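Asker: Predicted structure and sequence below. I'll ask about it afterward.
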Amino acid sequence: MHSWSEITLQLVPATEFAAQSLSAWVDLETRASVPNAFLSPYFVIPAIRHLMANQNAFGIFIERKTRGTSTLIGVALFQSHQPNRHFPLPHLSMFASEHSYLSGLLLDRDYAQQALQRLAQFLATEQHLWHGLYVDNFPQELAAAAETRAAISASGFQWHLLQTWQRPVLRPGQNDFQALPSISHHAHKDYQRHVRQLKALGTVDWIVQRGDQPLNHSLQEFLRLEHMGWKEQQKTSIASRANDLEFFREMSAGFQRAGRLFLTELRLDQTIIASTVNLLSGNVGFGFKLGWDTRYAKYSPGTVNLIQMLEHAEDAFRDLEYIDSSTQPNSYVNKIWPGRRNLVEGWLTLSPLGKAALTSVRFAQKWKAWLLQVAKYRPDWITHRVDKRHI
């Protein structure tokens with residue numbers, strides 16, 4: 001245990017996460033400056049158990065001690081890596097399982113500055129162990145926060161931005177569906193046609209399953225739908241791999257018991273033909289996975305389900321600030337949900353040696369890219385230069 005004023009820090013191996021105070025960890029989520037369901041113990045512990053064996057994950061738990069009582073004010077989860085071609089020194093990355101769609105830190109909104117200062121001080125004193133930190137799918141609002149920038153500056157670290165991109169989100173309070181600013185006229189016509197065609201086949205309903213109600217049937221139907229089509233063929237569905245299935249069952253059960261799981265379902269004569277599974281953290285929703293019945297593919301049931309979420313958002317999700325789609329860049333959801341949040345990818349160098357190493361790697365990458373361009377458009381020049389070197 002490391003002490004600094006009233007702030008204490010504990011480094012915990014991933015295998016011991018379950019022994020931590022889960023109630024304190026869960027409570028921190030409700031006070032987090034940037035909510036993140038993918039850093040919830042309900043997500044992290046099943047991911048460690050079923051998906052991330054031998055991946056050198058660990059956590060830093062930061063507490064504030066006052067008058068003999070301790071309050072968890074920060075959780076930072078990392079994976080350690082040996083030197084590789086991307087960074088030729090020992091380094092860290094933010095925790096990320098194959099089913100994680102947002103990285104970051106859980107920080108108490110009232111004590112974010114103290115937690116970040118303590119975390120940065122620890123990383124600075126241990127810079128002989130790790131020389132850099134790679135971040136991806138990281139919330140820009142956290143990266144750009146004054147507290148984050150102050151902690152980085154005070155510790156002598158340096159931020160190297162690789163890219164910024166936008167991810168679609170749904171903001172229920174903005175009554176997005178009325179204006180449909182994100183859906184083209186053509187796409188809206190397609191949506192209306194598909195709904196009419198489905199109604200011609202039977203009764204169409206859109207339903208939200210939420211809370212601690214029994215969801216076993218809905219979850220089983222989701223797994224069936226998500227296993228259809230190309231995911232089944234490429235064996236990338238959850239049901240295709242035993243470890244993924246065990247992770248999903250444990251993870252969804254934990255969120256469901258806490259009343260923090262919800263599904264949206266498009267039904268035809270009470271048969272579910274499209275489904276999404278979503279997680280809650282604080283007052284924010286996070287998309288996890290979606291599936292649809294490929295027998296109805298010509299009606300685009302998955303897209304209809306997402307537009308129905310947009311149409312009913314103000315009533316169905318009025319208690320949420322937004323729902324993060326958890327999609328990758330260039331997802332088709334960009335054409336449906338109008339809200340946006342910014343995410344970043346980059347490196348935080350933790351030592352002078354780490355800064356020099358990253359500079360060398362980036363120079364080599366640029367040199368390689370230049371040579372490839374020259375080889376593509378002027379192969380005769382490359383051959384000429386190589387021949388001259390051997391004269």
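Answerer: It's in.
Asker: got the contact list for the nearest residue to Val208 once chain neighbours are set aside?
Answerer: Once flanking residues are discounted, Val208 sits nearest to Ala316: 5.0 Å by Cβ to Cβ, 6 or more residues apart in numbering. Any C-beta I mention is one placed from the backbone N, CA and C, and that applies to glycine too. Counting by Cβ atoms under 8 Å, 6 or more residues apart in numbering, Ala316 makes contact with 172, 208, 309.
Asker: measure the second one to Phe262 for me?
Answerer: With the distance defined as Cβ to Cβ, to the nearest Å, Val208 ends up 6 Å from Phe262.
Asker: same question, the first one
Answerer: From Pro172 across to Phe262, the span is 13 Å (Cβ to Cβ).
Asker: Mutual contacts of those two, please.
Answerer: Joint contacts of Pro172 and Phe262 (Cβ under 8 Å, 6+ apart) do not exist.
Asker: any weak-confidence spans in the stretch 201-350 of the chain?
Answerer: For the stretch 201-350 of the chain, applying pLDDT under 70 flags the ranges 212.
Asker: between Val208 and Phe262, which one's more packed in?
Answerer: For Val208 against Phe262, the residue with the higher neighbour count under other Cβ atoms under 10 Å is Phe262, and the figures read 23 against 17.
Asker: correct me, but the more buried one touches Asn278?
Answerer: Yes - A contact is recorded between Phe262 and Asn278 when judged using Cβ atoms under 8 Å, the distance being 5.1 Å.
Asker: Please name the nearest non-neighbouring residue to Gln127.
Answerer: In space, not counting the residues next to it along the chain, Gln127 is nearest to Ser351; the distance is 4.1 Å by Cβ to Cβ, 6+ apart.
Asker: Look at the one you found and say how many residues are nearby.
Answerer: Per other Cβ under 10 Å, the neighbour tally for Ser351 reads 21.
Asker: ditto for the one 4 residues further on
Answerer: Neighbouring residues of Lys355 were enumerated by other Cβ under 10 Å; the total is 18.
Asker: Quick check: pLDDT value at it.
Answerer: According to the model's per-residue confidence, Lys355 sits at a pLDDT of 95.
Asker: Report the contact partners of it.
Answerer: Lys355 is in contact with 158, 349, counting by Cβ under 8 Å, 6+ apart.
Asker: Against Phe87, how distant is it?
Answerer: Computed as Cβ to Cβ, the Lys355 to Phe87 distance reads 11 Å.
Asker: Over to Leu306?
Answerer: From Leu306 across to Phe87, the span is 38 Å (Cβ to Cβ).
Asker: quick one, which of those two is more surrounded?
Answerer: More neighbours sit around Leu306 than around the other of Leu306 and Phe87, counting by other Cβ under 10 Å; the figures are 26 against 22.
Asker: mind pulling up the phi and psi values for that one?
Answerer: phi -70, psi -40 (degrees, to the nearest 10).
Asker: Let me see the contact set for it.
Answerer: Taking Cβ under 8 Å, 6+ apart as the contact definition, Leu306 lies against 276, 290, 333, 336-337.
Asker: hmm, try it at 7 Å
Answerer: Contacts were defined as Cβ atoms under 7 Å, 6 or more residues apart in numbering; by that measure Leu306 touches 333, 336.
Asker: With the one 3 residues further on instead?
Answerer: Residues counted as contacts of Met309 (Cβ under 7 Å, 6+ apart) are 170, 264.
Asker: those strands in the stretch 51-200 of the chain, which residues are they?
Answerer: 57-66, 69-81, 91-94, 106-107, 132-139, 158-170 (DSSP state E, counting those that start in this stretch).
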